[in-house]
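Undergrad: Here you go, sequence then predicted model.
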Amino acid sequence: MAKKKKTLRVAIQGIAASFHEVAALTHFGNNIKTIECLSFHRLCESLHKGESDYAVMAIENSIAGSILPNYFLLQEYHFSVVGELYLPIHMNLLALPGVKLSEIKTIESHPMAIRQCTDFLNQLKEVEIRESDDTALSAKRVYDLKLRNTAAIANERAAKLFGLNMLEKRIETHKKNFTRFLILTRRSKPAADSNKASMFFEVSNAVGSLADALQILKNQKINLSKIQSIPIIGKPSEYSIHVDVEWKVRKNYDAAIRQLVSEVRNLNILGEYKKAKIEYK
């Protein structure tokens, strides 16, 4: 008798109908159990304690930029990055059925969602903008409390789940809007077909030290697709450098890593994985 396939437990930030749930379902398929976490710290704790097998973590948005606190979490927990996903993000203004835009006095959502809709929100007069833990949670709150003067910024999935009306569709500032998610697990070997890696390291506070490290990547024909500096706590003027790199020839990447080890301090490779495609919808 065939053994029943284990249902994967995937930690997400937010609740059902959040963008993190959409990302998890897109990457893993429908046969998963999502572990709802209202903060990224709680998401990491879920994975760390074995309550989940994987975690899906947003790391940057094409409008709002990098989610800097999550870089600190990546350093703290040292999870393995085993994949990535670029999810098209469409924001909608949701309210109770029958409510008009002129009745709305408060709009609430996750701060990253609010930042993605600033052009639309700046056009509104005398409307309070309130931050919450999650886009879908804001939509649920409007539904549960029957808030006629409050609207939520969330996706169409949340509108359908909570029976809300979309007062305004696609209010994101730029229509080619996407969020990059990292797929995390506790420990994993690099994928055989990997062509991208995430890592961080430190360089000395001296002229040209970072340039020397990046020159190694250039010499080995390694593409630098992302660079993000993070302050080192307790060490003023010193930074940890997070980079994402891509390669076409594996031996070039391996050679670059061997050279980087002697050029930088505390090199940590978070994961080697398959580069994801960006597909606008």
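TA: Nice, thanks for sending it over. Residues are numbered from 1 along each chain as shown.
Undergrad: starting at the chain centroid, how far to stretch 14-26?
TA: The chain centroid and the centroid of stretch 14-26 are separated by 11 Å under CA atoms, centre = their mean, to the nearest Å.
Undergrad: before we move on, what about stretch 186-204?
TA: 17 Å.
Undergrad: Just the buried residues of it, please?
TA: Neighbour-count burial for stretch 186-204 flags 186, 188, 194-203 (criterion: 16 or more other CB atoms under 10 Å). The C-beta positions use only the backbone N, C-alpha and C, and glycine is treated the same way.
Undergrad: For Arg157, pull up the helix or strand it's in.
TA: In this assignment (DSSP states H and E), Arg157 forms part of helix 156-162.
Undergrad: after that helix, next one along is what?
TA: Per DSSP H and E, the first helix or strand lying C-terminal to helix 156-162 is strand 165-168.
Undergrad: Just give the strands next to that next one in its sheet, each with its orientation.
TA: Here strand 165-168 is paired, per DSSP bridges, with strand 92-95 (antiparallel).
Undergrad: List of residues touching the strand it pairs with?
TA: For strand 92-95, the surrounding residues in contact (CB atoms under 8 Å, 6 or more residues apart in numbering) are 101, 104, 107, 120, 139, 142, 148, 150-156, 158-159, 162, 164-171.
Undergrad: Just the buried residues of the residues you listed.
TA: 104, 107, 120, 139, 142, 150-156, 158-159, 162, 164, 166-167, 171.
Undergrad: Surely Ala55 forms part of a strand?
TA: Yes: read with DSSP: H, G, I helix; E, B strand; the rest coil, Ala55 is one of the residues of a strand.
Undergrad: And it, what's its pLDDT?
TA: pLDDT recorded at Ala55 is 98.
Undergrad: Check the contact between it and Phe181; I expect there is one.
TA: No: counting by CB atoms under 8 Å, Ala55 stays clear of Phe181, with 9.8 Å between them.
Undergrad: more crowded one of these two?
TA: Per other CB atoms under 10 Å, whichever of Ala55 and Phe181 has more neighbours is Ala55, with 30 against 27.
Undergrad: Identify the bridge partners of the more buried one.
TA: Counting by DSSP bridges, Ala55 forms beta bridges with Ala11, Leu184.
Undergrad: what about it, distance to Phe40?
TA: Applying CB to CB, to the nearest Å, the value for Ala55 to Phe40 is 9 Å.
Undergrad: cool, and Asn70?
TA: Asn70 sits at a distance of 6 Å from Phe40 (criterion: CB to CB).
Undergrad: Need the residues touching each of these two.
TA: With CB under 8 Å, 6+ apart, Asn70 and Phe40 have common neighbours Met57.
Undergrad: returning to what we had before: wait, which of the buried residues of stretch 186-204 is closest to Gln116?
TA: If you rank the buried residues of stretch 186-204 by distance to Gln116 using CB to CB, Ser198 comes first, at 23.2 Å.
Undergrad: hey, where'd the helices end up in the stretch 151-281 of the chain?
TA: All helices of the stretch 151-281 of the chain, identified by DSSP state H, counting those that start in this stretch, fall at 156-162, 209-219, 250-263.
Undergrad: among these, which is the most enclosed?
TA: Among those, the stretch with the highest mean neighbour count (mean count of other CB atoms under 10 Å) is helix 156-162, at a mean of 20.
Undergrad: what packs against it?
TA: strand 92-95, helix 135-144, strand 165-168 (3 or more CB pairs under 8 Å, 6 or more residues apart in numbering; DSSP states H and E).
Undergrad: out of these, nearest to Gln259?
TA: Using CB to CB, these put helix 135-144 closest to Gln259, at 43.3 Å.
Undergrad: what residues does that closest one touch?
TA: Residues outside helix 135-144 that contact it (CB under 8 Å, 6+ apart) are 14-19, 21, 38, 94-96, 108-110, 113, 132, 147, 150-155, 157-159, 161-164.
Undergrad: Output that helix as CSV, nothing but the C-alphas.
TA: Extracted C-alpha coordinates of helix 135-144, given in CSV (Å, rounded to 0.1, in the frame of the first residue of the first chain):
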residue,chain,number,x,y,z
THR,A,135,-3.8,43.3,4.3
ALA,A,136,-6.3,40.4,4.6
LEU,A,137,-6.6,41.0,8.4
SER,A,138,-7.7,44.6,7.6
ALA,A,139,-10.3,43.2,5.2
LYS,A,140,-11.6,40.7,7.8
ARG,A,141,-11.8,43.5,10.4
VAL,A,142,-14.0,45.6,8.1
TYR,A,143,-16.3,42.5,7.6
ASP,A,144,-16.4,41.3,11.2
